[in-house]
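Asker: generate coordinates for the sequence data below:
(2 chains)
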Number of protein chains: 2
Amino acid sequence: MVEKIYVTYNDVHKLCQEAAPKILADFKPNLMIAIGGGGYVPARILRSFLKQPGSPNIPIQAIGLSLYEKLDNSTDNAVEAPGTKVTRTQWLDFTALGAMENFVGKRVLIVDEVDDTRTTLEYAVKELQKDVELARERLGSDKKTEFGIFVLHDEPAIQNKDKPKKGTLPEDIINGRYLAARTVGDEWICYPWEATDIDEHDRMAAEAKAKKGL
Amino acid sequence: MVEKIYVTYNDVHKLCQEAAPKILADFKPNLMIAIGGGGYVPARILRSFLKQPGSPNIPIQAIGLSLYEKLDNSTDNAVEAPGTKVTRTQWLDFTALGAMENFVGKRVLIVDEVDDTRTTLEYAVKELQKDVELARERLGSDKKTEFGIFVLHDEPAIQNKDKPKKGTLPEDIINGRYLAARTVGDEWICYPWEATDIDEHDRMAAEAKAKKGL
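Answerer: Numbers count the residues shown, from 1 in each chain, chains lettered A, B, ... in the order given. The predicted model follows:
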């Protein structure tokens, strides 16, 4: 049975708080792109901690990506089979002049909750790089856009060779502009926004922390 | 001095959980539009509770609106003066055929954290209605789109006649498709994603709850 990790909202908050100084020191993003829905909560929290006194908030743009949801109705409890095909439910506007200038030559931090199969992140980076490059050409600019990534949890799945990452990321991102607040094993991460009983969820999280403390 | 209300993440979670059955019974949204950044967290949580067994998640589209931030640097602690001019930082794609069909004839729930001056909500509803109407005409459809609103907190400010709502909403939304999880007075609402010390924030919230219980 796959072990579960219960992550509380306050855990998420503190992971963002902890990561913010590193992100400001190493990457200094001009803009965040939240991958919805999982990236919404960390992106919004991170925005608070990236804010510099006297400067406006770092803007967040949202994109919607979902792995093709195949519903398995063969049992009473329909479960979602993990998919591999990414579909866009929302994308960015790269056509208006102002919109292009938001991205071209900027440092853009892509935010999601978990890097598990890496399929969604690979898609996001590739497609964003492509569209930003087109925008750069249209603007006649020679300024490069740098993408960085922040996730709450990376699951490299090194403990389970049957589940390597399906997606890949550019070397320069992985080796310098990739930050996972925590690296975990092959556990199933339970995020608080999916909890049907948040008090019970918090109890499970506290129990696991107490066990670890022993 | 304005009283502060400390809202914890679990409070937000439970407000969304409590509202979901009403939203499903009364409005049955096909789509949510989260007003960023404040609408991101409630929209993501609400999605979990609006999910029906055997059906896919209700998609979330994000828009970015911000009241013009005027930075007051006249003191050491720069504070943001509340603005009245709404600027778009992200908008929706109404041009592609599929994108238009996402909205035309659908029930669209607009989600934000707070309805204070109502300026942002008025802007969102007016502009969305305008764009959806254009999309409807282009599609040659006679299907009307219905907009609803969900906010965590409404601040009608009835206790303070100096601060009436600046924005207005259509009567049919206010009288049937508007849901605020809580209605509060003229207090300053402290949302958890703005807390620099989340444990202290939770302590203040617990203290206020204990006082109320006396």
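
Asker: mean pLDDT per helix and strand in chain A: which one sits at the bottom?
Answerer: One helix or strand of chain A scores below all others by mean pLDDT, DSSP states H and E: strand A:79-81, with a mean of 48.

Asker: bridged to the residue nearest the centre of chain A, which residues?
Answerer: Using CA atoms, centre = their mean, the residue of chain A that lies closest to the mean C-alpha position is A:Asp112, 1.2 Å off. Legend: beta-bridge partners of A:Asp112 under DSSP bridges are A:Val151.

Asker: from chain B, how far out is it?
Answerer: 12 Å (CB to the nearest CB, to the nearest Å). All C-beta spots, glycine's among them, are computed from the backbone N, C-alpha and C.

Asker: and the pLDDT for that residue?
Answerer: For A:Asp112, the model assigns a pLDDT of 98.

Asker: direction included, what does the next helix or strand along the chain from the least confident helix or strand of chain A pair against?
Answerer: Per DSSP states H and E, strand A:79-81 leads on to strand A:86-90 as the next helix or strand towards the C-terminus. Each strand paired with strand A:86-90, and its direction, by DSSP bridges: strand A:60-67 (antiparallel).

Asker: give me the contact list for the longest helix seen in chain A.
Answerer: Ordering each helix of chain A by length in residues (DSSP state H) puts helix A:119-139 first. Contacts with helix A:119-139, where a contact means CB atoms under 8 Å, 6 or more residues apart in numbering or on different chains, come from A:33, A:35, A:63, A:65, A:67, A:84, A:86, A:92, A:94, A:97, A:100-101, A:103-105, A:108, A:110, A:112, A:115, A:142-145, A:147, A:149, A:151, A:166-170, A:173.

Asker: for that helix, the distance to its chain's centre please.
Answerer: With CA atoms, centre = their mean, to the nearest Å as the basis, helix A:119-139 stands 16 Å off its chain's centre.

Asker: same deal with stretch A:187-206?
Answerer: 19 Å.

Asker: could you find the closest non-adjacent residue to A:Leu97?
Answerer: Leaving aside its chain neighbours, A:Leu97 sits nearest to A:Leu139 (7.9 Å; criterion: CB to CB, 6 or more residues apart in numbering or on different chains).

Asker: check A:His201 too.
Answerer: A:Ala195 (3.8 Å).

Asker: now do the contacts for that neighbour.
Answerer: A:His201, B:His13, B:Ser48.

Asker: do you know the pLDDT at A:Ile158?
Answerer: Reported pLDDT for A:Ile158: 49.

Asker: look up how far A:Asp154 lies from A:Arg167.
Answerer: Let me fix one detail, which is that residue A:167 is Gly and not Arg. The gap separating A:Gly167 from A:Asp154 is 12 Å, by CB to CB, to the nearest Å.

Asker: buried set for the longest helix of chain A?
Answerer: Applying a neighbour-count criterion of 16 or more other CB atoms under 10 Å in any protein chain shown, one finds A:119-125, A:127-128, A:131-132, A:135-136 buried in helix A:119-139.

Asker: on that earlier part again, most neighbours, which of the contacts of A:Ala195?
Answerer: B:His13 (24 neighbours; other CB atoms under 10 Å in any protein chain shown).

Asker: tell me which stretches of chain A form helices.
Answerer: A:9-26, A:40-50, A:97-103, A:119-139, A:171-174, A:198-213.

Asker: worst average pLDDT in these?
Answerer: helix A:97-103 (a mean of 82).

Asker: tell me the helices and strands packed up against that one.
Answerer: helix A:119-139 (3 or more CB pairs under 8 Å, 6 or more residues apart in numbering or on different chains; DSSP states H and E).

Asker: the helix it packs on to strand A:86-90, inter-axis angle?
Answerer: Angle, helix A:119-139 to strand A:86-90, by axes from the mean of the first three to the mean of the last three CA atoms, to 10 degrees: 60 degrees.

Asker: near A:Ala25, how many other residues are there?
Answerer: A:Ala25 has 8 nearby residues by other CB under 10 Å.

Asker: same check, this time on A:Lys106
Answerer: When neighbours are counted by other CB under 10 Å, A:Lys106 comes out with 17.

Asker: wait, isn't it in contact with A:Leu31?
Answerer: Yes: proximity of A:Lys106 to A:Leu31 meets the contact threshold set by CB atoms under 8 Å, at 5.7 Å.

Asker: give me the contacts around stretch A:14-32.
Answerer: A:42-43, A:45-50, A:52, A:58-61, A:102-103, A:106-111, A:146, A:148, A:150, A:152, A:176-177, A:179, A:181-182, B:196, B:198.

Asker: report the buried residues of that stretch.
Answerer: Buried-residue list, stretch A:14-32, by 16+ other CB under 10 Å: A:Leu15, A:Cys16, A:Gln17, A:Ala19, A:Ala20, A:Ile23, A:Phe27, A:Pro29, A:Asn30, A:Leu31, A:Met32.

Asker: residues near A:Leu169, how many?
Answerer: The burial count assigned to A:Leu169 is 20, neighbours taken as other CB under 10 Å.

Asker: for it, give its distance to A:Ile35.
Answerer: In terms of CB to CB, A:Leu169 sits 14 Å off from A:Ile35.

Asker: check A:Val2 too.
Answerer: Taken as CB to CB, the span from A:Val2 to A:Ile35 is 24 Å.

Asker: comparing those two, which residue is more hemmed in?
Answerer: More neighbours surround A:Ile35 than the other of A:Val2 and A:Ile35, with 25 against 8 (other CB under 10 Å).

Asker: which residues touch that one?
Answerer: A:Ala62, A:Ile63, A:Gly64, A:Leu65, A:Ile110, A:Val111, A:Asp112, A:Thr120, A:Leu121, A:Ala124.

Asker: pLDDT value on the closest residue to A:Met204 other than its chain neighbours, please?
Answerer: Spatial nearest neighbour of A:Met204, chain neighbours left out: A:Tyr6 (4.4 Å); criterion: CB to CB, 6+ apart. Note on A:Tyr6: pLDDT of 98.

Asker: count the neighbours of A:Tyr6 for me.
Answerer: 21.

Asker: quick check: beta-bridge partners of it?
Answerer: A:Cys190.

Asker: my understanding was that it contacts A:Ala205; is that so?
Answerer: Yes: with contact defined as CB under 8 Å, A:Tyr6 reaches A:Ala205; the gap is 3.8 Å.

Asker: any idea how far B:Trp91 is from A:Asp93?
Answerer: A:Asp93 is 7 Å from B:Trp91, by CB to CB.
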